[in-house]
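K.L.:
Coordinates only, no sequence provided:
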């Protein structure tokens with residue numbers, strides 16, 4: 001049922017989350033955020049005397065915790081468990097809360113989407129095994145730094161290993177020489193060890209805007225496989241949890257030397273991501289997936305075979321309002337994209353066909369659900385606005 005609901009809402013969904021003020025923001029105790037939540041699906045941005053309204057699938061205020069955010073994205077995790085290619089992006093400017101949303105901290109209520117998604121897999125795994133399925137989960141964790149792929153789960157110095165994006169005989173995309181670890185989702189210590197190991201290798205640096213600024217895009221992938229011996233069926237799904245490096249302006253971040261070169265690479269790859277969504281939104285015959293490692297790697301999720309959610313993170317400071325406005329406008333563009341009907345991957349053993357008397361061998365089967373486009377929203381004024389539309393008004 002949750003897969004049908006997602007298709008009715010549209011395959012590309014967008015959530016917006018406003019972070020609270022932090023001590024480093026150096027604002028007064030009575031400071032008002034430049035972004036304010038109006039209701040569960042709308043927020044208002046104030047910038048240079050203007051108020052602009054944005055409408056998305058879900059909006060989270062600064063007071064909403066990690067658990068409530070994950071409750072909203074959990075159905076996408078479920079889709080990966082059901083055999084779909086799924087991608088969740090955490091997007092926004094530097095110091096807007098992206099890594100906190102995706103990874104969080106500790107083992108308590110501050111846990112982010114990644115550890116909570118693993119826990120959800122563990123709960124579902126038990127249900128599947130009781131129904132006769134054998135379930136396996138492998139995980140990989142990489143970063144894309146200056147358009148080079150690095151293995152965050154490596155045990156030793158990588159030396160001259162160069163990771164390339166390739167495609168196997170079954171048409172599935174993979175990264176060469178990348179560490180794949182079998183993980184029991186109910187093993188809390190194992191999950192924490194993987195998160196610590198990845199954090200140790202992740203490229204971070206201090207800038208004027210963020211003391212621990214991510215200088216790369218990270219992609220945590222759960223490769224999910226379920227096999228039913230009696231039915232001779234194999235179910236395959238992937239869940240890509242992407243913590244994008246934050247967009248930034250050099251004059252604000254104060255980046256020089258290596259930090260400046262990192263900024264250029266980050267902004268260029270984010271522009272490539274925008275170009276991909278722009279082409280999809282226009283229905284262009286050519287989508288430039290190969291313009292960056294990030295978009296090429298995630299093409300299976302973005303090309304009509306998968307489901308995508310973008311969670312745009314917003315800083316509440318007036319100083320960041322220009323970058324926040326850019327993030328929200330890009331999110332609005334993404335919210336208008338439809339990837340087509342997602343395909344569920346079920347592999348059926350050839351002997352199953354032989355037993356049924358069918359001479360044809362079915363290797364892949366797509367399960368599709370009907371979908372309608374768009375989801376109008378009824379405002380208090382009685383005006384119905386399409387999803388993702390902005391309304392501009394002048395403050396008196």
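P.N.:
Received, thanks. What you see is a predicted model; the values in this text were computed from it and never measured.
K.L.:
Show me the shaky parts of the chain.
P.N.:
1-11, 204-213, 248-256, 349-396 (pLDDT under 70).
K.L.:
packing partners for the helix ranked longest in it?
P.N.:
Across the chain, the longest stretch assigned as helix under DSSP state H is helix 258-282. With contacts taken as 3 or more CB pairs under 8 Å, 6 or more residues apart in numbering; DSSP states H and E, helix 258-282 sits against strand 133-145, strand 204-205, helix 250-253, helix 293-297, helix 321-335. Backbone N, C-alpha and C define where each C-beta goes, glycine included.
K.L.:
residues making contact with the fourth one?
P.N.:
Outside of helix 293-297, the residues that reach it under the criterion CB atoms under 8 Å, 6 or more residues apart in numbering are 144, 147-149, 165, 173, 175, 217, 219, 242, 269, 272-273, 276, 288-290, 302.
K.L.:
Packing partners of the following helix or strand past it?
P.N.:
Using DSSP states H and E, the next helix or strand after helix 293-297 towards the C-terminus is helix 299-302. For helix 299-302, the elements it packs on are strand 85-91, strand 233-243, strand 306-314, judged by 3+ CB pairs under 8 Å, 6+ apart.
K.L.:
who does the longest one pair up with?
P.N.:
Each strand paired with strand 233-243, and its direction, by DSSP bridges: strand 85-91 (parallel), strand 217-228 (antiparallel), strand 345-348 (antiparallel).
K.L.:
what does stretch 194-206 contact?
P.N.:
Contacts for stretch 194-206 (CB under 8 Å, 6+ apart): 103, 114-115, 139, 141, 143, 145, 150-154, 181, 183, 212-216, 218, 220, 258-259, 262.
K.L.:
Restricted to buried residues, select those residues in ChimeraX.
P.N.:
Restricted to buried positions by 16 or more other CB atoms under 10 Å, the ChimeraX selection for those reads:
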select :103,114,115,139,141,143,145,150,151,152,153,154,183,213,214,215,216,218,220,259,262
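K.L.:
Turn the strands paired with strand 233-243 into TSV, columns for distance to residue 133.
P.N.:
TSV is the format used below for these (distance: least, CB to CB, whole Å):
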stretch	distance to residue 133
strand 85-91	19
strand 217-228	5
strand 345-348	12
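K.L.:
Return the most buried member of these.
P.N.:
Counting by mean count of other CB atoms under 10 Å, strand 85-91 has the highest mean neighbour count of the strands paired with strand 233-243, with a mean of 26.
K.L.:
relative to strand 306-314, how tilted is that strand?
P.N.:
Put simply, strand 85-91 runs at 10 degrees to strand 306-314, going by axes from the mean of the first three to the mean of the last three CA atoms, to 10 degrees.
K.L.:
following strand 85-91, which helix or strand comes up?
P.N.:
Next element after strand 85-91 (DSSP H and E): helix 98-102.
K.L.:
circling back: would TSV of the helices and strands packed on helix 299-302 with distance to residue 294 be doable?
P.N.:
TSV is the format used below for the helices and strands packed on helix 299-302 (distance: least, CB to CB, whole Å):
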stretch	distance to residue 294
strand 85-91	10
strand 233-243	8
strand 306-314	13
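K.L.:
so which of those gets nearest residue 342?
P.N.:
Closest approach to residue 342 among the helices and strands packed on helix 299-302 (CB to CB): strand 306-314, 5.0 Å.
K.L.:
elements contacting that closest one?
P.N.:
On a contact count with 3+ CB pairs under 8 Å, 6+ apart, strand 306-314 meets strand 12-18, helix 66-81, strand 85-91, helix 98-102, helix 299-302, helix 321-335.
K.L.:
Note down every partner strand of it and its orientation.
P.N.:
strand 12-18 (parallel), strand 85-91 (parallel).
K.L.:
Any idea which of the ones you listed gets closest to residue 318?
P.N.:
strand 12-18 (13.3 Å).
K.L.:
Which elements pack onto the helix or strand following that closest one?
P.N.:
As assigned by DSSP H and E, the chain's next helix or strand after strand 12-18 is strand 35-39. With contacts taken as 3+ CB pairs under 8 Å, 6+ apart, strand 35-39 sits against strand 42-47, strand 58-60.
K.L.:
List the contacts of the residue nearest to residue 328 when sequence neighbours are not counted.
P.N.:
Spatial nearest neighbour of residue 328, excluding adjacent residues (CB to CB, 6 or more residues apart in numbering): residue 54 at 5.0 Å. The contact partners of residue 54, by CB under 8 Å, 6+ apart, come to 16, 42, 43, 44, 45, 328, 331, 332, 390.
K.L.:
Distance to residue 161 added to the helices and strands packed on strand 306-314, as a markdown table?
P.N.:
Formatted as a markdown table, those follow (distance: least, CB to CB, whole Å):
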| stretch | distance to residue 161 |
| --- | --- |
| strand 12-18 | 34 |
| helix 66-81 | 28 |
| strand 85-91 | 25 |
| helix 98-102 | 26 |
| helix 299-302 | 23 |
| helix 321-335 | 34 |
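K.L.:
of the ones you listed, which approaches residue 134 most closely?
P.N.:
Across these, closest to residue 134 is helix 66-81 (CB to CB), at 14.1 Å.
K.L.:
Output the contacting helices and strands for the closest one.
P.N.:
helix 2-9, strand 12-18, strand 58-60, strand 85-91, helix 113-130, strand 217-228, strand 233-243, strand 306-314.
K.L.:
So what's the gap between the fifth one and the chain middle?
P.N.:
Relative to the chain's own centre, helix 113-130 is displaced by 18 Å; criterion: CA atoms, centre = their mean, to the nearest Å.
K.L.:
Next: the last one.
P.N.:
Relative to its chain's centre, strand 306-314 lies at 5 Å (CA atoms, centre = their mean).
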